[in-house]
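Participant: all I have is the shape, not the residue letters:
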């Protein structure tokens with residue numbers, strides 16, 4: 001790594017309790033949400049639950065595709081080696097008090113580091129997964145299963161599970177034959193507190209029902225995924241019967257109720273708030289899956305009136321959740337000791353305020369170095385040089401490549417009536433500087449073509465929808481008169497009401513056919529909304545009633561960019577596959593990128609029906 005990695009001792013040098021590190025991260029001690037003074041005698045105990053989620057194979061603050069330290073517009077830092085410093089600081093700050101460290105899933109997929117040890121040098125053939133090394137060293141107590149845990153098959157998942165020093169919890173990942181959980185459903189931890197008293201804490205792990213769709217090929221007939229609410233209702237009473245004073249749920253499911261798969265499953269994808277509102281006996285939920293930042297939210301339970309705490313620490317290790325529970329010793333009517341929850345609150349600590357944990361970084365350094373070398377090594381060859389420099393003004397082979405791989409993947413995964421429909425695909429010129437050299441092509445070359453972490457979906461659309469989509473996309477162009485020559489700046493990035501600084505390149509989509517060409521002209525001398533001419537599929541005019549499957553990314557399908565039709569269209573394919581990795585996998589599998597296999601000029605810019613010249 002390019003920056004030195006100080007020891008824990010150095011990180012915590014600001015105070016024997018780690019107060020300096022916590023203050024730098026924005027943590028108020030004690031939490032203003034919970035009235036508690038650990039130095040004041042009394043029959044109160046504070047439980048701290050530390051939480052991460054959606055680490056997605058990030059150990060270091062490193063962008064493998066850019067071959068440099070990670071950075072974004074907010075200057076966040078990522079990786080478990082960063083968040084480990086915050087965890088250690090909290091443990092030092094609250095030494096002697098009960099502390100649990102949890103994760104809410106999506107651990108072994110998302111970076112070349114994770115991919116390498118699943119596909120290139122798979123842990124099923126020996127070796128320890130880098131995330132297992134890191135998480136064991138941090139000392140997690142439990143982690144929930146995420147949907148991406150299933151991406152590489154059950155053998156890889158079970159091998160990863162065996163390598164962990166803590167349980168992977170999945171109460172609603174069940175055996176189809178018995179209906180019983182195929183993974184440990186919960187963890188019960190007992191802490192000795194005060195004068196020999198015991199505080200019993202239960203952690204229920206819930207995963208995402210969407211796995212049944214997204215990883216159907218890996219789980220069909222082997223595992224089923226009932227709803228979070230339904231399974232929590234069965235298991236929380238059992239946890240209470242075993243003496244749990246506090247019940248925390250680690251849920252790989254977003255807080256705001258929604259489903260990317262519509263009504264294809266009877267159970268919602270994002271159901272954390274539903275669990276809080278509908279299941280008795282839960283005190284808090286560590287939320288995952290949605291990649292959102294929720295410092296503190298309360299949801300009222302409909303049965304008891306209890307305010308259930310929800311907290312989501314963003315993703316990739318950018319934040320650490322700190323959830324505080326203050327309990328008071330009391331007695332029930334039979335004179336038996338019990339604990340009453342009298343205070344609860346949470347906040348998030350920012351990983352960009354601390355240094356890397358040296359021990360965690362060192363444990364994975366050799367594997368990291370191996371993967372850096374892999375990402376920069378050739379995975380295939382290109383028969384000719386290809387560039388995205390002119391992708392915004394002409395149909396170029398490198399964008400055709402994206403559309404080809406996307407459409408091919410969707411077609412291969414279609415079932416039922418949708419499998420008989422022609423497949424189209426959309427792609428935007430995300431990066432004008434992207435290129436493939438003639439000759440050897442590296443993982444980084446391919447990744448530079450697709451710079452976002454989008455996943456692939458297929459939606460069913462009509463011919464009218466395709467026309468409307470293309471008209472919307474053509475807003476990207478400025479209106480001009482004549483055939484030029486024009487500069488690129490004279491015709492692209494038009495200012496609109498929703499893009500006052502100019503329409504960005506990523507909101508211009510070209511559409512292509514897989515088994516036959518989709519051809520069209522874009523007349524930029526015309527007004528927006530009437531620019532698409534001569535729209536045809538396989539040489540025949542596209543009729544409004546024609547039906548297609550359209551390969552799109554999750555950003556478009558969720559409404560990103562405001563494109564018509566796709567956000568409300570029926571989803572017929574969704575396996576949560578990252579498009580960037582699909583491109584890399586295709587090159588790895590085929591070896592040679594030959595434009596003759598997929599490229600053709602199917603659209604062009606015209607003015608008054610005549611081709612324009614753009615210098």
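Facilitator: Structure's in. What do you need? Please read these numbers as outputs of a predicted model, since none were measured by experiment.

Participant: residue 396 is in contact with residue 432, correct?
Facilitator: No. At 10.5 Å, residue 432 does not count as touching residue 396 under the criterion of Cβ atoms under 8 Å. Where C-beta positions appear, they are placed from N, C-alpha and C, glycine not excepted.

Participant: overlap in contacts, those two.
Facilitator: Residues touching both residue 432 and residue 396 (Cβ atoms under 8 Å, 6 or more residues apart in numbering): residue 388.

Participant: residues contacting the residue nearest to residue 459 when sequence neighbours are not counted?
Facilitator: Nearest residue to residue 459, sequence neighbours excluded (Cβ to Cβ, 6 or more residues apart in numbering): residue 569, at 3.8 Å. Under the criterion of Cβ under 8 Å, 6+ apart, the neighbours of residue 569 are 459-461, 465, 550.

Participant: closest one of the residues you listed to residue 74?
Facilitator: Closest approach between the contacts of residue 569 and residue 74, by Cβ to Cβ: residue 459, at 31.4 Å.

Participant: residues in contact with the closest one?
Facilitator: Residues counted as contacts of residue 459 (Cβ under 8 Å, 6+ apart) are 549-550, 552, 557, 565-566, 569-572.

Participant: okay, who's weakest in those by pLDDT?
Facilitator: For the contacts of residue 459, the weakest pLDDT value sits at residue 557, with 90.

Participant: give me the phi and psi angles of the closest residue to that residue other than its chain neighbours.
Facilitator: Nearest residue to residue 557 in three dimensions, chain neighbours excluded: residue 457, at 4.8 Å (Cβ to Cβ, 6+ apart). Phi and psi for residue 457, reported as degrees, to the nearest 10, are phi -130, psi 160.

Participant: burial measure for residue 457, as a count.
Facilitator: Residue 457 has 26 neighbours, counted by other Cβ atoms under 10 Å.

Participant: and for residue 74?
Facilitator: Residue 74 - counted by other Cβ under 10 Å - has 8 other residues nearby.

Participant: thinking again about what came up before, please say which of residue 432 and residue 396 ends up with more neighbours.
Facilitator: A count of neighbours by other Cβ under 10 Å puts residue 396 above the other of residue 432 and residue 396, at 20 against 14.

Participant: quick one: contacts for the closest residue to residue 149 other than its chain neighbours?
Facilitator: Sequence neighbours aside, residue 157 is the residue nearest to residue 149 in space, at 5.4 Å (criterion: Cβ to Cβ, 6+ apart). For residue 157, the contacting residues are 108, 149-150, by Cβ under 8 Å, 6+ apart.

Participant: which one of those residues is nearest residue 282?
Facilitator: Nearest to residue 282 among the contacts of residue 157 is residue 149, at 22.9 Å by Cβ to Cβ.

Participant: backbone dihedrals for that closest one, please?
Facilitator: Note on residue 149: its backbone torsions stand at phi -60, psi -20 [degrees, to the nearest 10].

Participant: state the pLDDT value of residue 381.
Facilitator: Looking at residue 381, its pLDDT reads 98.

Participant: what number of residues lie near it?
Facilitator: Residue 381 - counted by other Cβ under 10 Å - has 16 other residues nearby.

Participant: what of residue 204?
Facilitator: By other Cβ under 10 Å, the residues close to residue 204 number 31.

Participant: mind telling me what element it is part of?
Facilitator: Residue 204 is part of strand 197-206, with elements assigned from DSSP states H and E.

Participant: each with direction, which strands does that strand pair with?
Facilitator: Strand 197-206 pairs in its sheet with strand 186-193 (antiparallel), strand 246-251 (parallel), by DSSP bridges.

Participant: what's the most buried one of the ones you listed?
Facilitator: Compared across the strands paired with strand 197-206, strand 246-251 shows the largest average neighbour count, a mean of 28 (mean count of other Cβ atoms under 10 Å).

Participant: following the chain onward from that one, which element is next?
Facilitator: Elements were assigned by DSSP H and E; along the chain past strand 246-251, the next helix or strand is helix 272-278.

Participant: pLDDT of that next one, averaged?
Facilitator: 98.

Participant: now swap in stretch 517-528 and tell me
Facilitator: 98.

Participant: mind listing the strands for the stretch 351-500 of the chain?
Facilitator: Shown for the stretch 351-500 of the chain, the strands assigned by DSSP state E, counting those that start in this stretch span residues 378-382, 386-387, 423-427, 435-436, 439-442, 455-462.

Participant: let me know the pLDDT of residue 336.
Facilitator: Looking at residue 336, its pLDDT is 78.

Participant: cool, and residue 5?
Facilitator: At residue 5, pLDDT is 29.

Participant: show me where pLDDT drops low in the protein?
Facilitator: Low-confidence segments of the chain, defined by pLDDT under 70: 1-42, 195.

Participant: so what are the domain limits for it?
Facilitator: The chain resolves into domains spanning 8-337+355-373, 378-611 when parsed by automatic domain parsing.

Participant: for residue 331, name its beta-bridge partners.
Facilitator: residue 337.

Participant: so it sits right up against residue 197, yeah?
Facilitator: No. Using Cβ under 8 Å, residue 331 is not in contact with residue 197, being 11.7 Å away.

Participant: what about these two, which has more around it?
Facilitator: Remark: of residue 331 and residue 197, residue 197 carries more neighbours, 13 against 9, as counted by other Cβ under 10 Å.

Participant: what bridges to that one?
Facilitator: Beta-bridge partners of residue 197, counted by DSSP bridges, are residue 193.

Participant: residue contacts, the closest residue to residue 599 other than its chain neighbours?
Facilitator: Of all residues not flanking residue 599 in the chain, residue 397 sits nearest, at 3.7 Å (Cβ to Cβ, 6+ apart). Neighbouring residues of residue 397 by Cβ under 8 Å, 6+ apart: 386, 595, 598-599.
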